[in-house]
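Student: sequence below, structure please.
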Amino acid sequence: MHLSPNIKLAGLEFDLSIVLMLVVTCTIVLIIARLATRNLSVENPGKMQNFMEWLVEFVQGMMASTMDLKKGKPFLSLGLTLILFIFVGNMLGLPFGIVTEYHDASKATFFNQPLVNVVEEIHKVHAANPSGEAEVGVSWWKSPTADPAVSLGLAGVVFL
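Tutor: Numbers count the residues shown, from 1 in each chain. A predicted model of the protein is given here:
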């Protein structure tokens, strides 16, 4: 099992793999939204416009099954954004992973900030086997929704 790269800033611990994937996922969702709304046409809709129309109808159908569509209209953009974010985020975590190996605790840094849990794990391995070499794998690429904090944050946004 690989560890996540965590750093401490201002007394808070941040998971860098989640921050990286949130930025990548948000960028891809923004690009998809811009491409889908760039060349809108009533006479000759493109493939992306047809896909977005299908997605809007899908979200409207989900909303209509639980509430009156007139009351749910203000939440349509939130539903579209959440579906796109969760789908893109989950798909990004599937195809490949970026894993780095650390053997030395002094080299386990990110912008001169130590990777807290990696340094701790290297010290644990050295304490258990002083003559052996410690090797700790760090996973930099994973689905953002794999972290319970991100899923809880999305649920909190929906709740509010």
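Student: for the helix or strand encompassing residue 72, buried residues please.
Tutor: Assigned by DSSP states H and E, residue 72 belongs to helix 69-72. Residues residue 72 are the ones in helix 69-72 that count as buried (16 or more other CB atoms under 10 Å). Bear in mind the C-beta positions are built from the backbone N, C-alpha and C, glycine included.
Student: okay, buried residues for the following helix or strand past it please.
Tutor: As assigned by DSSP H and E, the chain's next helix or strand after helix 69-72 is helix 76-93. Within helix 76-93, the residues that count as buried by 16+ other CB under 10 Å are 79-82, 84-86, 88-89, 92-93.
Student: how about residue 98, what does it touch?
Tutor: Going by CB atoms under 8 Å, 6 or more residues apart in numbering, residue 98 touches 139-141.
Student: same deal with residue 150?
Tutor: The neighbourhood of residue 150, defined by CB under 8 Å, 6+ apart, consists of 18, 22, 144.
Student: okay, it: pLDDT?
Tutor: Residue 150 is assigned 87 on the pLDDT scale.
Student: next, residue 9: phi, psi?
Tutor: Torsion angles at residue 9 (phi, psi; degrees, to the nearest 10) stand at phi -130, psi 130.
Student: I figured it hits residue 113, correct?
Tutor: Yes: here residue 9 reaches residue 113: they are 7.1 Å apart, a contact under CB atoms under 8 Å.
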